[in-house]
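Enquirer: Structure here, sequence nowhere to be found:
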């Protein structure tokens, strides 16, 4: 069985001849797969069978709970508590690692929820779930009258107290049967599909967690000749969307362009990423459990970062953050002396990486969102300031008309042609959230590298610096060129790759894997921050 490519980019995600493996069969109707990152097994629901099962890589399938209150969607929170949507009880429940069970919510406005269906967790601790009516029907739940009168999407706030009511974050009457939901890699957006409407909507996530500015992301997800409907849905590290659909799993780009179809022998109900590198897509499909290997990996979710405690003699493979991160293993260490270190935030300007900027058409804003660069860089800068590390903002700034800017290279031709990064304009300003704070330094340049046309080296030499934490926009140009020169000059360079972005994931990965790795320590923001504590 070969997969179907509709757009050439589909081949970057999966080999068209990659087999779909059946891992187990003979179930009633499977749902809710979730991979445990430390115990390395897959939990899944057999909803009508009223049982929860566990699959391990040796092919063993075991029952772990019967009855299971007809549990459906599942996930873990950052502390590896299991969160389950129970159809029979109309509840979202939490199972602690010690086996304790507590009901997080079961009512809204004093009335029972319909039947929580699918669930996901944001990195700030907010829990989101959909509430269609399927769990009040025969077979998939317990038949009983509806109390709510609408089907919506809900949120449990950070520090939610078990038993308190959730917050409705969607319009009451937008959905007929909201089902699968997932965040973008940067968590600024959420997708929610509707099984009956056969579509996916994309929302902005407001500061208070509510879903706003909804728009139809994809529609017509149906085929009268093939079984399958929008149900489970997940995103990969680049913001592509994988949704259950006729024939298996349909894949859409971040822009809503259908890229292709992963063909599966049975109708797929839900899916999730797993195994040590998060490149395996596990699929619950009617009576069977399947898996397929992809070239890409799932977006980072809070529970994926959990690590087992291992003895020094035991090496446990660890999942990577977006793109390459060779140092992100449990025993990696980065030693940083704040008195001899600076943080460079380079080219994080509106024209470079924001929608509406001069270079938006290159794809830079999309990749910056996928990498969550703004929030990652903001967190890193705040951590550096707390320990006394100087933050240096490096900006490309041109005078009006771009006088004396040579036109010998496409980069400089583009600057002048797009009238970009002009002093005093919105485009030259730092992106929102990364404005200089008291004590920060600002360096202006007129070159790709931060060194050649700025006062950067004077600041570093006079300050006794020997280590540079180097991040920013245009991984394969500004960040890479600055790191290469720094290495030649004798500086130690640390690159938190998830605080870097460029035009697309391929360029970013190529720079990280084949260039920066030779002149710098490649790591992640969380590992740098951990080294500062």
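Expert: Looks like it came in fine. Values in this document were obtained by computation on a predicted structure and should not be read as measured data.

Enquirer: Please make it C-alpha for all contacts and neighbour counts, starting now.
Expert: Will do.

Enquirer: pull the helix or strand with minimum mean pLDDT from the protein.
Expert: helix 410-417 (a mean of 85; mean pLDDT, DSSP states H and E).

Enquirer: got the buried residues for that one?
Expert: Of the residues in helix 410-417, 412, 415-416 count as buried by neighbour count, 16 or more other Cα atoms under 10 Å.

Enquirer: again with stretch 371-379
Expert: For stretch 371-379, by 16+ other Cα under 10 Å, it's 371-374, 376-379.

Enquirer: for stretch 356-374, same thing?
Expert: Across stretch 356-374, burial judged by 16+ other Cα under 10 Å covers 357-360, 363-374.

Enquirer: now do stretch 339-354
Expert: For stretch 339-354, the neighbour count (16+ other Cα under 10 Å) marks 340-354 as buried.

Enquirer: wait, what's in contact with the closest residue to residue 415 other than its chain neighbours?
Expert: For residue 415, ignoring the flanking residues on the chain, the nearest one in space by Cα to Cα, 6 or more residues apart in numbering is residue 421 at 7.3 Å. By Cα atoms under 8 Å, 6 or more residues apart in numbering, residue 421 lies in contact with 351, 396-398, 415, 427-428.

Enquirer: distance of the residue lying farthest from the centre of the chain from residue 100?
Expert: Among the C-alpha atoms of the chain, the one most distant from their mean position (Cα atoms, centre = their mean) is that of residue 404, at 42.4 Å. Using Cα to Cα, to the nearest Å, residue 404 is found at 70 Å from residue 100.

Enquirer: can you give me the helices in the stretch 201-350 of the chain?
Expert: For the stretch 201-350 of the chain, applying DSSP state H, counting those that start in this stretch gives helices covering 350-353.

Enquirer: Poorly predicted segments of it, please.
Expert: Regions of the stretch 201-350 of the chain meeting the criterion pLDDT under 70 cover residues 306-333.

Enquirer: residue boundaries of the strands in it?
Expert: With DSSP state E, counting those that start in this stretch, the ranges of strands along the stretch 201-350 of the chain come out as 211-218, 233-235, 241-245, 248-252, 258-263, 270-274, 280-285, 288-293, 341-346.

Enquirer: Identify the neighbouring strands of the fifth one in the sheet and state each direction.
Expert: For strand 258-263, the paired strands and their directions (DSSP bridges) read strand 4-5 (antiparallel), strand 248-252 (antiparallel).

Enquirer: Which residues does the last one contact?
Expert: Yep, that's strand 248-252 we're talking about. Here strand 248-252 has contacts from 228, 240-244, 258-268, using Cα under 8 Å, 6+ apart.

Enquirer: which helices and strands does the helix or strand that contains residue 374 pack with?
Expert: Using DSSP states H and E, residue 374 sits within helix 373-386. Judged by 3 or more Cα pairs under 8 Å, 6 or more residues apart in numbering; DSSP states H and E, helix 373-386 is in contact with strand 341-346, strand 390-396, strand 467-473, helix 525-532.

Enquirer: returning to what we had before: now, of the contacts of strand 248-252, which are buried?
Expert: Buried among the contacts of strand 248-252 (16+ other Cα under 10 Å): 228, 240-244, 258-264, 266-268.

Enquirer: just how off-centre is stretch 98-111 within its chain?
Expert: Averaging C-alpha positions (Cα atoms, centre = their mean, to the nearest Å) puts stretch 98-111 27 Å from its chain's average.

Enquirer: my bad, should have said stretch 35-42
Expert: Going by Cα atoms, centre = their mean, where stretch 35-42 is centred and where its chain is centred differ by 19 Å.

Enquirer: confidence score at the closest residue to residue 358 other than its chain neighbours?
Expert: Excluding the flanking residues, the one nearest residue 358 by Cα to Cα, 6+ apart is residue 351, at 4.8 Å. Each residue has a pLDDT score; the one for residue 351 is 94.

Enquirer: what's the spacing between residue 351 and residue 453?
Expert: 20 Å.

Enquirer: cool, and residue 269?
Expert: Computed as Cα to Cα, the residue 269 to residue 453 distance reads 57 Å.

Enquirer: Please say which of these two ends up with more neighbours.
Expert: Between residue 269 and residue 453, counting by other Cα atoms under 10 Å, residue 269 is the more crowded of the two (26 against 15).

Enquirer: Tell me who's in contact with that one.
Expert: Each residue near residue 269 by Cα under 8 Å, 6+ apart is listed here: 30-31, 228-229, 231-232, 244, 283-286.

Enquirer: Including distance to residue 44, could those residues go into TSV?
Expert: Output for the contacts of residue 269, formatted as TSV (distance: Cα to Cα, whole Å):
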residue	distance to residue 44
30	7
31	6
228	19
229	19
231	15
232	13
244	16
283	10
284	8
285	11
286	12
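
Enquirer: quick one: which of those is most hemmed in?
Expert: Using other Cα under 10 Å as the neighbour test, the contacts of residue 269 are led by residue 283, with 34 neighbours.
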